[in-house]
Structure formats: structure tokens, C-alpha cells
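Asker: what's the 3D shape of this:
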Amino acid sequence: FKCEFCSRTFSNVQNLKSHIPQHEQEGKLECNVCDKKFTRLGQLKVHVRLHVGDLPYKCRLCDKAFNSNNHLAIHIRSHTGEKPYKCDDCEECFTSMSRLQTHKKRVHEKHKAYSCDKPFKCSECPKSFARIEGLDLHLRTHSGEKPYKCNYCDKSFTVQSAVNAHLKWHTGEKNYKCDVCDATFIQSSQLWSHKRVHFGEKNNKCDVCGKSFVHVSSLKRHVITHNEERPFNCDICKHGCKTRGDFNRHVKIHSGDKPYKCGICDKSFSNTSHIKRHITSVH
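Answerer: As a prediction, the model looks like this:
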């Protein structure tokens with residue numbers, strides 16, 4: 001049994017395993033492809049996957065894959081919006097410790113190596129990006145371009161990952177399970193939002209009556225009840241609506257338009273809330 005780091009040979013695998021920690025302590029675990037060094041064998045094994053194309057950890061929300069579960073967990077935060085690493089100097093938050101450390105070096109410690117890491121600047125706003133792909137994607141927010149279309153309804157999106165996440169509303173796929181009450185959800189952000197119910201967090205307070213809510217969306221719906229004004233009026237039946245969204249949903253009652261198709265059965269619905277309720281109660 002030969003050691004791949006120093007070429008020594010051993011009579012059995014147990015002796016080889018006992019020998020390898022010596023290299024870990026010395027920091028001599030070196031990648032044969034790029035010469036990068038590691039202190040632990042596990043770190044080297046994860047790194048080697050990048051060279052051989054072995055990416056076993058796949059994101060359920062988009063088509064990206066990663067060489068370690070830790071990298072996948074960091075990536076998922078780009079979908080959920082979770083940023084648990086907070087800068088002590090300016091309170092800006094980040095998805096990973098490495099990004100926080102890079103931020104501190106670039107902004108607060110003024111390291112020259114980090115002084116120009118976003119060379120691709122938007123011509124429409126002050127934002128800049130590290131990669132041209134990021135700039136191209138951002139420019140769609142200005143142009144309104146949404147090239148990725150849903151096959152079940154008339155919605156379109158700026159990125160493919162958003163389509164993949166949206167499709168789960170049609171298929172009813174719920175991969176995120178609450179470990180407290182076994183409730184399941186289509187998106188991880190819904191699960192995190194739901195968990196506040198168990199923790200009793202109600203941070204969204206109504207300025208009019210003082211009532212508090214777990215979700216900001218619930219607060220927005222509640223605030224409308226204080227406002228009796230209905231500026232959106234239907235030309236057909238004169239029904240008044242408080243929001244543009246309510247008005248658009250109401251108009252479809254008259255037109256018979258049902259663009260939201262269930263991916264499990266052949267039923268169609270006039271708005272997203274109806275199809276969500278259908279999938280939850282029937283499927």
C-alpha cells in the first residue's frame with residue numbers, strides 16, 4: 001500500500017491510514033493538478049472533484065452543482081436571500097464568511113489586491129460587477145427583458161433558475177419540510193418564513209392599530225383594511241378594488257381567462273392564488 005504523498009509503502013492499509021496524518025500536520029497534502037496545498041485529506045478530496053468534474057451536490061432550485069455540501073448551502077442562500085454573516089464595521093451582510101472577509105479587506109482595510117474586483121460597470125446605474133455575466137443579467141432589470149418563459153402559464157423570467165422555482169407551483173413539488181410540524185413547502189424561503197410561526201416572532205407592526213404579524217405580506221394585506229378607498233373600478237360591473245392586483249384578478253372573472261394550468265391534472269385557473277389553493281387541498 002503506497003502513500004500518494006511521499007511514495008512510502010506499507011504492508012497493510014491500516015498502517016497507511018496511520019501514516020497519512022503526518023502529512024496533514026505538515027500541510028503537505030498537495031493537489032497533483034494545480035499544486036494547491038491542504039492540511040486535511042478530506043479537504044484535498046473535495047478539491048480534486050473540481051478537476052475531474054465530480055459535482056455530486058445539486059441545487060433543487062436551479063441547474064447548478066457543487067463539489068461540497070458546504071458550497072451548495074452557500075449557493076442556496078442566493079435563492080433564499082439569507083445573509084447570516086454581518087460586518088461589524090458597516091453592518092452589511094453576506095452569504096458566506098469568505099465574502100465577508102473579502103469585503104473587510106477591500107472596504108475597511110483598503111487592501112490593494114481587492115481595490116478593483118468589480119470592473120464591469122452598468123451604464124444605467126451606479127452598480128458594478130465582478131463578471132461580465134453578472135452585468136448582462138443585471139441589465140435585464142433595466143431593459144425588462146425576460147427570455148425564460150413558463151410552459152404552463154404566461155409568466156416569463158430573467159433567469160432559468162427563476163423558471164425552475166416557479167414551475168413547482170404548477171407541479172406541486174414540495175421539497176422543504178419543517179422539522180417542527182412536518183409542514184412542507186415549495187420554496188426554502190417559505191420554510192424559513194413559516195418557522196417564525198413556531199418561534200412566535202411578529203416583527204411587522206401596523207402603524208394604525210398596533211397589530212403585529214409574522215409576515216410582511218400579511219401586514220400589507222391588513223393595512224389595506226384601514227383604507228376604504230377603492231381606486232380600481234371594473235368597467236363591466238362597477239366593482240371597486242383596493243389594489244391593481246385585485247383588479248387584474250377580478251377582470252379575469254368576466255373574460256373567462258384561465259392562464260394558470262395545473263401541472264398535475266388538467267384544471268386551469270384565473271389567478272395564482274387559486275392554483276396554489278388547488279394544489280395544496282387536492283394534490
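
Asker: what's the burial count for His166?
Answerer: By other CB atoms under 10 Å, 19 other residues sit near His166. All C-beta atoms are positioned from the backbone trio N, CA, C, and that covers glycine.

Asker: mind checking how far the residue nearest the centre of the chain is from Ala73?
Answerer: For the chain, the residue nearest the mean C-alpha position is His79 (0.8 Å; CA atoms, centre = their mean). Between His79 and Ala73 the computed distance is 11 Å (CB to CB, to the nearest Å).

Asker: same question, Ser96
Answerer: In terms of CB to CB, Ser96 sits 9 Å off from Ala73.

Asker: More neighbours: which of the two?
Answerer: Ser96 (17 against 14).

Asker: Look up the residues forming beta bridges with Trp120.
Answerer: To be clear, residue 120 is Phe; Trp isn't right here. Judged by DSSP bridges, the bridge partners of Phe120 are Phe129.

Asker: Neighbours of it, how many?
Answerer: Around Phe120 there are 15 other residues, counting by other CB under 10 Å.

Asker: residues touching it, list them.
Answerer: For Phe120, the contacting residues are 128-132, 134-135, by CB atoms under 8 Å, 6 or more residues apart in numbering.

Asker: cool, Tyr152 as well?
Answerer: Tyr152 neighbours (CB under 8 Å, 6+ apart): 167, 170, 260-263.

Asker: Select from these every entry located in helices.
Answerer: Residues of those located in helices (DSSP state H): 167, 170.

Asker: Name the member of the contacts of Tyr152 with the most neighbours.
Answerer: Using other CB under 10 Å as the neighbour test, these are led by Tyr260, with 24 neighbours.

Asker: one step back: so the residue nearest to the centre of the chain touches Cys62, yeah?
Answerer: Yes: between His79 and Cys62 there is a contact under CB atoms under 8 Å: 7.5 Å.

Asker: what is in contact with the two at once?
Answerer: Common neighbours of His79 and Cys62, using CB under 8 Å, 6+ apart, are 161, 165.

Asker: still on that earlier bit, can you tell me how far the residue nearest to the residue nearest to the centre of the chain when sequence neighbours are not counted sits from Ala162?
Answerer: Leaving aside its chain neighbours, His79 sits nearest to Leu61 (4.7 Å; criterion: CB to CB, 6 or more residues apart in numbering). Remark: distance between Leu61 and Ala162 (CB to CB) = 9 Å.

Asker: just Thr184 next, same as before
Answerer: Per CB to CB, Thr184 is found 21 Å from Ala162.

Asker: go on, Gly256?
Answerer: Distance, Gly256 to Ala162, using CB to CB: 28 Å.

Asker: any idea where the helices of the chain begin and end?
Answerer: In the chain, the helices defined using DSSP H lie at 13-26, 41-52, 69-80, 97-103, 132-143, 160-171, 188-199, 216-226, 244-255, 272-282.

Asker: which one of those lies closest to Cys178?
Answerer: Set against Cys178 and scored by CB to CB, these come closest in helix 188-199, at 6.0 Å.

Asker: Name the surrounding residues that touch the closest one.
Answerer: Helix 188-199 has contacts (CB under 8 Å, 6+ apart) with 61, 76, 79-82, 176-178, 180-181, 183, 185, 202, 214-215.

Asker: how distant is that helix from the center of its chain?
Answerer: 15 Å (CA atoms, centre = their mean, to the nearest Å).

Asker: in that helix, what's buried?
Answerer: By neighbour count on 16 or more other CB atoms under 10 Å, the buried set for helix 188-199 is 188-191, 193-195.

Asker: same thing with stretch 263-279?
Answerer: If you call a residue buried by 16+ other CB under 10 Å, then stretch 263-279 has these buried ones: 263, 268-272, 274-275, 278-279.

Asker: which among those gets closest to Gly144?
Answerer: Thr272 (20.5 Å).

Asker: and the residue nearest to the closest one when sequence neighbours are not counted, what does it touch?
Answerer: Nearest non-adjacent residue to Thr272, counting by CB to CB, 6+ apart: Tyr260, 5.9 Å away. Tyr260 makes contact with 152-153, 170, 268-272, 274-275, according to CB under 8 Å, 6+ apart.

Asker: And Val13, how far from Leu135?
Answerer: Here Val13 is placed at a distance of 51 Å from Leu135 (CB to CB).

Asker: Could you check which of these two has the larger neighbour count?
Answerer: Set Val13 next to Leu135 and count neighbours by other CB under 10 Å: Leu135 wins out with 18 against 9.
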